[in-house]
Structures are given as C-alpha cells and as structure tokens.
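Visitor: here's a sequence, model it:
(chains A and B)
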Amino acid sequence: MIDLVQNSYPMLLEGLSQTLFYFLVTLVLSSILGLFTAYLYSFKALKPLISFYISVVRGTPLLLQLIFIYFGLPYFGITFSRMTAALVGFTFNYTGYVAEILRGGIQSIPSDQKDVAFVLGFGKGYTFFRILLPLGVRNSFPSLSNEVLVLLKDTALIYALGLSELIKVSRTLANIYVSGTPFIVVGIIYFTLSFILEKGLKRIEKQMRKVHL
Amino acid sequence: MIFTAENISKSYGDLAVLEDLSFQVDQNEILAILGPSGVGKSTLLKCIVQLEKQDQGTFYLDGQKLTDENRTKVGLVFQSSSLFQHRHVLDNLLMAPTYHKLYKEKELLEKAEGYLREFGLLEKKYIYPSSLSGGQKQRIAIIRALLMKPRLLCFDEPTSSLDQDNKTLLADILFDIKKDHAILLVSHDEEFVKKVADKSIILGSSL
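Guide: Numbers count the residues shown, from 1 in each chain, chains lettered A, B, ... in the order given. Model (predicted):
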C-alpha cells in the first residue's frame, strides 16, 4: 500500500485537490445562499415558493439533480461546463438543506426574543441577521455540521459527470495496478478528512455553547 | 398626561379579553393593572407595544396617537427579562440605542455604565445573560429600556420570579425611575402593587 501511495501520490493529490475544491466552493456558496433563503422564508409571499424549492431538493436524489443540470438542461437550451454544472448542482441542493436547517433552528428560538427585538424597534433585516440568525445557527449547528460531513462525501458524485476526483483516481489506479488497494487508500483519505472535520466542528460547537449559553 | 388608553377592546374569537378599557398614566406616576391570570393584563401590554392589535380603541402618547413611528417611546420590561442570549450585558444595552442613533457613541457608553454602576452591575458588563440571576437579568432589562429614553415604561409581572430581597430592590428602583418617567405595571402581586403604585385598576373596575 505504501508503494502504491509513493508511486501515485501526484494523482492522489490531484484527486484530493479536486474533491476539496468542490467541497469548499459548495460549502461557501450554499452557506451564503442558504442563509439568504432562510431570511426570504420570513416573507409570507415567498414562503410557498421556497417551500416548493426545498421539497424538490429533498424529494429528488442529488445524483439526479447533477445529471439533469449537466445532461438534461442542454435539451432546454441551457448548457454548463462539467465544473459549472457540478457547482450549480451542489449549491442548488445544499442551499435548500442549509436553509431548511436554519429555518428549524430559528423557529426553535423562544418567541420572546423576537418580541423584544420588535419592541426595541429593530427592522426585519437587523432582527434576522443580528439576533435570530446567530441564535438559529447555534441551535442548528449539530445538524449543519452533519450536512458539512455529508457534503464532503457527496462530492464523490461528480464522478457521474466525468470529473476527476478521489473516486475516479481510485478507479484509474485500480486499473493500472490491477488491485483493490487504491479504494482502501482513498477510503482512508476520506475517513481522515471526515475525522479532522468532525473534530473541528465539534470544537466550534463546544465554543459556541460555552460563550452563548 | 403622558399616556392614555381610550376604549380598548380585544377578543380572541368569542372570548372578550379586554372590554372598553380606558385609563391614563401621568408623569411621575405608577399605575398598576391588577388581576388574576388570564384576564388580559399581558394582552393589554402587547397591544400597547403593538405586538398585537386591539380590535377597538386608541392609545395616545403625549397627546399623539401611538403608531409605528413613536411606539419605541414605550418601553417594556418582559416577564422573563428576555435579554439576547448571545450578547453580553453591555451589548444588550447598547444595541437598540445605537440602532436608533439616540446618543453619541461615548455618551451612550457613559450612560450605560452609569446605570450599571447605579444598579450595582458594572462588574457584570461583559457577562452573558445565562450567568446572571433572575433579579440581575431584570435590572439589565430595565436599564436597556431606560436607555431607549421611554416616555412610558411598562412592566409585565415584574415580581413573578423575584425573592423578597429582589422585590425590595425593584421597588426602590421603581421609585427612582418614577422621578423621570410614567410607569405602567401589570401584576397579580397585590402586596407589591400596594407598596409601589400610585393608582391601580382591577380590569373592569377602578379602585
């Protein structure tokens, strides 16, 4: 196994960098957009539209969403590169999940916090971003952390669009070395990344509870 | 007259909670609304601060109809103090006056620290609400309301979670605040009301 890693680390690093690229870009984009979607949810007129969007995201497989965006949309005259399709698909999906998790976190805030904000005369935007959102993020952080870990593993789905990442590298290496070991190596890489990420998120969660509770 | 409630009525379905209620609160006066749970005392406060809309009647502040424009001139100290849990004490105090640009930055800080000193809480200014006692939280909530320069200050069941020492302390604070404000107190604590109120109303009849 060590020989395999030594001989093929440039390919593994390239796959890892691609995995991390899709993970980080999706994480940033869907966090920002999810936050705004959760905010828009507080406008009555937009609620049905956002509810429908979230239902679509939750009710269809992410793989199907990715395939539709890359292979299906061209039939409607919309064409994306593989990379853009992957990022659009992931962001579309994870924005919905982030928004839904935040909405739940915000809903669980005691109503008196919202009442106080109203009595003090804070505007809707200020109340959401300065009062409700920080409390909502704290309430929903365990679920958000879980989504982050799922996202890391979901990046493997871009393999279906023909993009190169860790899974594709493992298949290529398995063919070259006629061995199943590359899959184990890639599994160890995923596990290590998830482990580090999980520890980091737990530490953030602990800090949040220490400061705010 | 600072505050006037004129013919206020409020129902939930068929249940009439407030019926044609009228009263006035003057400067340097504490008016108490007494009554058992469920008679609409808190509903009245919610209508005053516009968390709910009364079915009929009008509130006036300094002779002007109470609207969205001037509603922040009515302060409310909630039953459960309701400090923002994710902000330390000083932040809780500075947020609203800063948002409304009521003071210059330095003036606001001095004013907030002045109140904290007066209420014996200066050393708590960087503490989060979860580490404060019920009485301390309430005093912070009072300071927060005072920093908004209210014309009328309302209290919802202020003694509900206080021990005797804190009740005495609250009474002293109310007497002190009364010098510059009109106060409306909603409570079921008759003993406390007798001690601090200048006038009291049992919902439906005047004492």
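Visitor: chain center to stretch B:14-22: distance?
Guide: How far stretch B:14-22 lies from its chain's middle: 22 Å, per Cα atoms, centre = their mean, to the nearest Å.
Visitor: please apply the same query to stretch A:14-27.
Guide: Centroid separation between stretch A:14-27 and its chain, computed with Cα atoms, centre = their mean, is 11 Å.
Visitor: what's next to the helix or strand harbouring residue B:16, contact-wise?
Guide: Applying DSSP states H and E as the criterion places residue B:16 in strand B:15-25. With contacts defined as Cβ atoms under 8 Å, 6 or more residues apart in numbering or on different chains, strand B:15-25 is touched by B:1-11, B:31, B:33, B:39-40, B:43-44, B:47, B:54, B:56-57, B:152, B:182-184, B:201, B:203-204. Any C-beta I mention is one placed from the backbone N, CA and C, and that applies to glycine too.
Visitor: tell me how far the residue nearest to residue B:18 when sequence neighbours are not counted lies from residue B:3.
Guide: The shortest distance from residue B:18 to any non-neighbouring residue, by Cβ to Cβ, 6 or more residues apart in numbering or on different chains, is to residue B:10 (4.3 Å). Separation of residue B:10 from residue B:3 (Cβ to Cβ, to the nearest Å): 17 Å.
Visitor: these two: which is more packed in?
Guide: More neighbours surround residue B:3 than the other of residue B:10 and residue B:3, with 25 against 21 (other Cβ atoms under 10 Å in any protein chain shown).
Visitor: next one: residue A:128 from residue A:41, what distance?
Guide: Relative to residue A:41, and taking Cβ to Cβ, residue A:128 is found at 10 Å.
Visitor: what's the answer for residue B:18, then?
Guide: 33 Å.
Visitor: residue B:121 reaches residue B:136, doesn't it?
Guide: Yes - using Cβ atoms under 8 Å, residue B:121 is in contact with residue B:136, at 6.2 Å.
Visitor: grab the most central residue of chain B for me.
Guide: Nearest to the geometric centre of chain B sits residue B:154, at 2.5 Å (Cα atoms, centre = their mean).
Visitor: I'd assumed it was in a strand, is it?
Guide: Yes - the assignment for residue B:154 (DSSP: H, G, I helix; E, B strand; the rest coil) places it in a strand.
Visitor: does the residue nearest to residue B:18 belong to a helix, a strand or coil?
Guide: strand.
Visitor: strands of chain B, residue ranges please.
Guide: For chain B, the strands defined by DSSP state E cover B:3-12, B:15-25, B:30-34, B:56-61, B:64-65, B:74-77, B:152-156, B:182-187, B:199-202, B:205-206.
Visitor: what sits against residue A:186?
Guide: A:12, A:15, A:166, A:167, A:169, A:170.
Visitor: could you rerun that using 7 Å?
Guide: With contact set as Cβ atoms under 7 Å, 6 or more residues apart in numbering or on different chains, residue A:186 has these partners: A:166, A:167, A:169, A:170.
Visitor: could you dump those to a markdown table with pLDDT, neighbour count and distance to chain B?
Guide: As requested, the contacts of residue A:186 are exported to a markdown table (pLDDT from 0 to 100; neighbours: other Cβ atoms under 10 Å in any protein chain shown; distance: Cβ to the nearest Cβ, whole Å):
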| residue | pLDDT | neighbour count | distance to chain B |
| --- | --- | --- | --- |
| A:166 | 87 | 26 | 38 |
| A:167 | 87 | 20 | 40 |
| A:169 | 85 | 24 | 43 |
| A:170 | 87 | 25 | 44 |
